[in-house]
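In: sequence? don't have it. structure:
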């Protein structure tokens, strides 16, 4: 694509930043997505400098895809949704950034996910990935639940499922609880015989490390392994509580987002499942919509 | 006391080191404890250098109490029981220390607690303090359970009780679960209205920080608050499992040790309570006995 093609046409940048990666899309109202790139982590809570670095990296890569130079950043209207910006201190620090964009609008990763899922209309989202959290947008008001960070929060998430699996595996290894195919598989993954050695190994685990065990829990829950099923059901019970509180008294639909959501859905309460609707657009497109909304409101 | 009094008499040093403090006692076979001092943390897992520094500090203070100079260390036969020495790598690193004592024998904090509790005879101990763990000594064989570190292990401990309280408080603050006097007190302690702010506050909490909430759980469990009671009972259920596994097929008595043990005892299963016996001596005296055993066996 030539640089000239976009002369005199406003391009938008949509950014979705979380604990594992940052995604940036370049968007033209005429042509839709013309660039799409991924860089490293951009959770503002783990440092705004790192988040800013990865936002710029992903943007430059998306611009290159569209055949545009890095200097083109100064023409972009950017909508940036990041994990961690629900914390006031993080948001304030982020807003101090002398960003390279023409206009820069910040919000949370949850908010852009919600805008994307419901095309900017009222609606709710629940993210079930490495972490878990939920948001409802109604009459221009936002109400957020969960997302308090592992291990004290984020129940039902990938990190939490992995954590509960290790907790139980340690008890099985010490003979306090009977084993199962599920626990046998966890033990065989680590090739460790003594509980004390497994405990030592996981003592430095991040949420992402624990989250890598989530597919093992899901697989064995589907095979009706009693231990795996109990962990899945306990996680889903919390997520159902969260969803019900979110939807309580509101006439909106709920979209599930995040890698684990298709796997957890079948364990949610029936009245929650009845409210589900597929997301219309991914969070990074929600970030573009957010930028468009904000610039119009100026 | 004069320096001369101990001329030609062997003095022993007993050291009990854990995550919050290090205790050293100076012991004469004729006069018993002649010096007793406390210094900072000496958990070998958090660094053997720090542990060694605090062992020396506590020893120097105990010697000063007995009217003896710091150089007297080179005459002492030392028994040192530290948290973290159950890990082989930690023990190996600790044994590389050019210690200032005449003889130095290392073991775990659990082992010296067990020796002290049963006067060196066969028996079992369960420690319920900031952490939780258990050990049985029978026919010169040791068998250890639990103590895998918070948050993946150490259920029923002070840190775990505090952690479960915060986890539940966050759910109450978001309206997922009904409150109670217990949760109201937790909220009033923090003077925080929003779950997200409480989650942020505790995100850097150590086991010791969480453990400070344990007395609040205990108090409300005694008042039959349903939430506090459920947490206490879940912790005690794990500790009962641990105790039963420890005592399984063994004809020994069990001593409970640690700040929380008198408070948790009433929630343990009756068949565990039937096996309880008070500890004869504290862990630091167990460390002295350990030094005496080891030097005789040389």
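Out: That came through, no problem. It should be emphasised that the depicted structure is a prediction, and the values quoted were computed from it without experimental measurement.
In: Just say helix, strand or coil for the residue in the stretch 151-298 of chain A positioned nearest to chain B.
Out: Taking Cβ to the nearest Cβ, chain B has its nearest neighbour within the stretch 151-298 of chain A at residue A:199, 3.4 Å off. In short, each C-beta sits where N, CA and C put it, glycine included. Following DSSP: H, G, I helix; E, B strand; the rest coil, the label given to residue A:199 is helix.
In: For it, give me the pLDDT.
Out: What the model reports as pLDDT for residue A:199 is 93.
In: do the same with residue A:259
Out: pLDDT for residue A:259: 88.
In: Now do the closest residue to it other than its chain neighbours against chain B, distance only.
Out: Counting by Cβ to Cβ, 6 or more residues apart in numbering or on different chains, residue A:259 lies nearest to residue A:129, which is 5.0 Å off, once chain neighbours are set aside. Distance of residue A:129 to chain B, computed by Cβ to the nearest Cβ, to the nearest Å: 18 Å.
In: Please report the distance of residue A:129 from residue B:85.
Out: Going from residue A:129 to residue B:85 by Cβ to Cβ, to the nearest Å gives 39 Å.
In: of these two, who's got more company?
Out: Counted by other Cβ atoms under 10 Å in any protein chain shown, residue A:129 and residue B:85 do not tie: residue B:85 has more neighbours, with 26 against 21.
In: name the element the more buried one belongs to?
Out: Assigned by DSSP states H and E, residue B:85 belongs to neither a helix nor a strand.
In: What number of residues are in the vicinity of the closest residue in space to the residue of the stretch 151-298 of chain A closest to chain B that isn't next to it in sequence?
Out: The spatially closest residue to residue A:199, leaving aside those adjacent along the chain, is residue B:148, at 3.4 Å (Cβ to Cβ, 6+ apart). By the criterion of other Cβ under 10 Å, residue B:148 has 27 neighbours.
In: Got the phi and psi for residue A:27?
Out: phi -130, psi 130 (degrees, to the nearest 10).
In: Let me see the contact set for it.
Out: Counting by Cβ atoms under 8 Å, 6 or more residues apart in numbering or on different chains, residue A:27 makes contact with A:11, A:12, A:13, A:14, A:33, A:34, A:285, A:288.
In: Put together JSON lines for the residues you listed, with neighbour count and secondary structure on each row.
Out: Putting the contacts of residue A:27 into JSON lines (neighbours: other Cβ atoms under 10 Å in any protein chain shown; DSSP: H, G, I helix; E, B strand; the rest coil) gives the following:
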{"residue": "A:11", "neighbour count": "22", "secondary structure": "strand"}
{"residue": "A:12", "neighbour count": "23", "secondary structure": "strand"}
{"residue": "A:13", "neighbour count": "29", "secondary structure": "strand"}
{"residue": "A:14", "neighbour count": "32", "secondary structure": "strand"}
{"residue": "A:33", "neighbour count": "16", "secondary structure": "strand"}
{"residue": "A:34", "neighbour count": "20", "secondary structure": "strand"}
{"residue": "A:285", "neighbour count": "24", "secondary structure": "helix"}
{"residue": "A:288", "neighbour count": "28", "secondary structure": "helix"}
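In: Just the buried residues of the helix or strand where residue A:296 lies, please?
Out: Here residue A:296 sits within helix A:283-297, counting by DSSP H and E. By neighbour count with 16 or more other Cβ atoms under 10 Å in any protein chain shown, helix A:283-297 contains the buried residues A:283, A:284, A:285, A:286, A:287, A:288, A:289, A:290, A:291, A:292, A:294, A:295.
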